[in-house]
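A.B. asks: Got a sequence here, can you model it:
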Amino acid sequence: MDKSITLPPDEIFRNLENAKRFAIDIGGSLTKLAYYSTVQHKVAKVRSFDHTGKETEDEPLYEISVQEEITARLHFIKFENAYIETCLDFVKDHLVNTETKVIKATGGGAHKFKDLLEKKLKLKVDKEDEMSCLIKGCNFVLKNIPHEAFVYVKHAEPEFRFQTTHPDIFPYLLINIGSGVSIVKVESEDKFERIGGSSIGGGTFWGLGALLTKTKRFDELLQLASRGQHTSVDMLVKDIYGGAYGSLGLTGDLIASSFGKSATADKEFSKEDMAKSLLHMISNDIGQLACLYAKLHNLSRVYFGGFFIRGHPVTMHTITYSINFFTKGEVQALFLRHEGYLGAIGAFLKGAEEDNPNQYSWGENYAGSSGLMSVSPDMFPMQRTRSGTFDMLEMDRLERQLVNLPLLLDSSSYIPDTMDLTEDAMAREYWLSCFEEALDGVVKRAVASQPDLQDARERAEKFRLKYRHKLQTLRHQPCAYGSLTVRSLLDTREHCLNEFNFPDPYSQIKQRENDLALRYFQKVVRSVEMLNWEDRQFALVKGLLAGNMFDWGAKAVSDVLETDPAFGFDEAKRQLQERPWLVDSYSKWIERLKGPPHKCALFFVDNSGIDIILGVFPLVRELLCRGTEVVLASNSGPALNDVTYNELQILTERIAAMDSVIHSGITKERLILVQSGSSSPCLDLSRLDKGLATLVRERHTDLVVIEGMGRAIHTNYYAVLRCESLKLAVIKNSWLAERLGGKIYSVVFKYEQPSK
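C.D. replies: Model prediction:
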């Protein structure tokens, strides 16, 4: 057994000392190990001071403390069977206090390696049914990873087209292509049925391929096929009829007979051509079977998996071609990013049923996941042959259960992100460079946020290396983590900061700006109240836009705030674009305000400080005075200088103490604060806190306000709701402003009414 590899514990098999449960899926060539661990990391907490006594000018609004918190994480590691003994030794040596006495096992190798597993890990092997594990794993990834499924398009840019997962994933068809083919109809979490199959599958391709080419390795056989020309071996329609068979709708290039030329041609055929012909023959057979079963059971979602697929472009292409041909494009062949982990995930979930993991929502931890590598052998040949390397997937348990916003017009077609960087090479290059250039500033801010910790600089440098490596990976393989977007780049950065215990680098900046803005709140309210109704509405909107300028996530603004601490609310108003704005529905908004008040407004807020206090709250006050209830939704966890739920509670309490309208709104429960369930500068309306969704229904919400570049421009710009919506932001990035036809500090004010 090869033991020539070294396994760094900070990269692979992480947190083994806190591992609680294990599961393993051993296939013909790959092993997938799964375990649950608790992860201790730092979180920033804010706690209000007691302000009942005499206050001083310099007394801060609240105290910030960094505390240790324990959260749950799922780890999945994939490696070649050749290294199984080395890996089991490593696990045994680093295992400290596991509660478990059993390891769940599935896959064809579970029996073969049973004795080795029990001997090395001192755990009893409990074998689980392979198909039920596969289904459980498939359900889990489809529910918890938004960009899990993709369509493969050969020679396209990008080759992967990720699909937005429908919130109701059932029913679907799973075509598992192993040695043979199993066709499974999945109707619910626990209800599935094998409705068909075939003995002609991956084993057939491998076996016949070995006889024809003398090539014994499966991957080598696929490499041969990728270089072959099947037309040298296959008899086409045009070989029989001299062209197309028009009356039957058959094109001349269609295969009439697989291997048809080998019976009559007096020549040797190349290994490559025979392998390609064989691949087409088996893929077409499987594709036609899949289409017939999908049609018979009226299913449009058809997922393919199994070792025959395993991310190989040549098999994905031939399956895709076959499905397109037999359904005339009505059904798409769908593949999964984490297809190789399904069995291990399912086996783990079966062992963890007492913890009921399905009651939680889970999110991919980009900092600890290796992502989907490129599958094009001609582009990155080393990635198909890198023996001894490991692929990893990490999933963090989220504190909140996440669901759709009930006000989405069609949740199945909702796409959060405005721009898919995998499809726009120019935009991709700009944003990857933009995030790389911003790294020095992020590192500086992270170190400054922890002045009393001696290792802060060392951890910040580790963060820099980790995030830069992620950016380099995304340059070479933009689809590594699903669709590449500004949101995913921001979220990956937040995950990496958390990984090195920088939970809230902007906490002190937020505290300082909140303190300062509170001093001006009453003055701003008085100045607005002096105006007539129409002027007041415009002043409130202009104030909200000016407040949104104070965004430390925008380099153009952070540079100003760093160099000119005196830059304030009035200066921001002067920087704003004059009307008409870049996107300007203000006149339509004013006309609506002359009508009856809204029943309830859901307001997704953005930044701390001037934005929330001097921009948002005066508008909230006006809505309350009109008779509209207001739900303020803020981030559950920190991201940049965005206001968090805990911070907003303290700010609201202080504003209520100085303003009777806000005080009345709170006491009468007409102003309600909720968590969004997000810790991102952007907003995914399909993954929101369940409590927020419930409140939206109960309050009969008829207006949604989304503020800021991250939430209203990078995401949700094209989101269609079943109620009125107001999306507004200041464009604080020159490149993006020019892309949209404007200049820096251009204004987007997009008021939309649902179609009748």
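A.B. asks: how about stretch 171-183: buried residues?
C.D. replies: 171, 172, 173, 174, 175, 176, 177, 178, 179, 181, 182, 183 (16 or more other C-beta atoms under 10 Å). C-beta coordinates here come from the backbone N, C-alpha and C atoms, glycine included.
A.B. asks: between these, which is nearest residue 541?
C.D. replies: Here the nearest of these to residue 541, counting by C-beta to C-beta, is residue 172; it sits at 45.7 Å.
A.B. asks: Pairing partners for the residue nearest to the closest one when sequence neighbours are not counted in the sheet, please.
C.D. replies: Excluding the flanking residues, the one nearest residue 172 by C-beta to C-beta, 6 or more residues apart in numbering is residue 301, at 4.1 Å. On the basis of DSSP bridges, residue 301 is bridged to residue 332.
A.B. asks: count of neighbours near residue 301?
C.D. replies: 20 (other C-beta atoms under 10 Å).
A.B. asks: Quick check: which ranges of the stretch 251-400 of the chain have low pLDDT?
C.D. replies: 354, 373-389 (pLDDT under 70).
A.B. asks: just the strands in it please.
C.D. replies: Along the stretch 251-400 of the chain, the segments classed as strands by DSSP state E, counting those that start in this stretch run 255-257, 301-305, 332-336, 362-364, 391-397.
A.B. asks: what helices or strands is the first one leaning on?
C.D. replies: Counting contacts by 3 or more C-beta pairs under 8 Å, 6 or more residues apart in numbering; DSSP states H and E, strand 255-257 packs against strand 235-236, helix 237-241.
A.B. asks: Okay, buried residues for the last one please.
C.D. replies: Buried residues in helix 237-241, counting neighbours by 16+ other C-beta under 10 Å, are found at 237, 238.
A.B. asks: Measure how far that helix is from the centre of its chain, please.
C.D. replies: 48 Å (C-alpha atoms, centre = their mean, to the nearest Å).
A.B. asks: Mean confidence (pLDDT) on that helix, please.
C.D. replies: On average, the pLDDT along helix 237-241 is 94.
A.B. asks: go on, stretch 671-689?
C.D. replies: So the average pLDDT for stretch 671-689 ends up being 97.
A.B. asks: do stretch 657-665 as well
C.D. replies: On average, stretch 657-665 scores 98.
A.B. asks: quick one on the thing from earlier: need the helices and strands packed on strand 255-257 in TSV with distance to residue 91, can you?
C.D. replies: Shown next, in TSV, are the helices and strands packed on strand 255-257 (distance: least, C-beta to C-beta, whole Å):
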stretch	distance to residue 91
strand 235-236	53
helix 237-241	56
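A.B. asks: before we move on, the earlier item: quick check, nearest of the buried residues of stretch 171-183 to residue 414?
C.D. replies: Of the buried residues of stretch 171-183, the one sitting nearest to residue 414 (C-beta to C-beta) turns out to be residue 172, at 19.1 Å.
A.B. asks: and the closest one, what are its bridge partners?
C.D. replies: residue 186.
A.B. asks: residues in contact with it?
C.D. replies: By C-beta atoms under 8 Å, 6 or more residues apart in numbering, residue 172 lies in contact with 142, 185, 186, 299, 301, 302, 303.
A.B. asks: my guess is the second one meets residue 196, correct?
C.D. replies: By that I understand residue 185. No - if you go by C-beta atoms under 8 Å, residue 185 and residue 196 don't touch, sitting 9.0 Å apart.
A.B. asks: Save the contacts of residue 172 as TSV, and put in distance to residue 433 too.
C.D. replies: What follows is these, written out as TSV (distance: C-beta to C-beta, whole Å):
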residue	distance to residue 433
142	34
185	47
186	43
299	44
301	38
302	39
303	36
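A.B. asks: Which of the residues you listed are buried, as a PyMOL select command?
C.D. replies: Only the buried entries of those go into this PyMOL selection, using 16+ other C-beta under 10 Å:
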select buried, resi 142+185+186+299+301+302+303
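A.B. asks: Among the contacts of residue 172, find me the one that's closest to residue 348.
C.D. replies: Residue 348 has its nearest neighbour among the contacts of residue 172 in residue 142, at 16.2 Å by C-beta to C-beta.
A.B. asks: Against residue 724, how distant is residue 593?
C.D. replies: Applying C-beta to C-beta, to the nearest Å, the value for residue 593 to residue 724 is 11 Å.
A.B. asks: Looking at those two, which has the bigger crowd around it?
C.D. replies: The neighbour count for residue 593 versus residue 724, taken as other C-beta under 10 Å, is higher for residue 724 (19 against 15).
A.B. asks: Please report how far that one lies from residue 241.
C.D. replies: 61 Å.
A.B. asks: Please apply the same query to residue 635.
C.D. replies: 65 Å.
A.B. asks: Need the overlap of contacts for residue 185 and residue 196.
C.D. replies: The contact lists of residue 185 and residue 196 share residue 293, where a contact means C-beta under 8 Å, 6+ apart.
A.B. asks: So for residue 541, which of the strands of the stretch 251-400 of the chain sits nearest?
C.D. replies: strand 362-364 (34.7 Å).
A.B. asks: Show me what the closest one is packed against.
C.D. replies: Using 3+ C-beta pairs under 8 Å, 6+ apart: strand 362-364 touches helix 130-144, strand 391-397.
A.B. asks: can you pull the pLDDT of the closest residue in space to residue 112 that isn't next to it in sequence?
C.D. replies: Counting by C-beta to C-beta, 6+ apart, residue 26 is the residue found nearest to residue 112 once chain neighbours are left out, at 7.2 Å. You'll see residue 26 listed with a pLDDT of 93.
A.B. asks: Phi, psi for residue 26 please.
C.D. replies: Dihedral angles of residue 26 (phi, psi; degrees, to the nearest 10) stand at phi -110, psi 110.
A.B. asks: what's the burial count for it?
C.D. replies: 25.
A.B. asks: Report the beta-bridge partners for it.
C.D. replies: Beta-bridge partners of residue 26, as defined by DSSP bridges: residue 31.
A.B. asks: now it: how far from residue 131?
C.D. replies: Look at residue 26 and residue 131: by C-beta to C-beta, they are 16 Å apart.
A.B. asks: can you check residue 423 too?
C.D. replies: Counting by C-beta to C-beta, the gap from residue 423 to residue 131 is 36 Å.
A.B. asks: How many residues are close by the closest residue to residue 152 other than its chain neighbours?
C.D. replies: In space, and not counting its chain neighbours, residue 152 is closest to residue 316: 4.0 Å by C-beta to C-beta, 6+ apart. Close neighbours of residue 316, defined as other C-beta under 10 Å, add up to 24.
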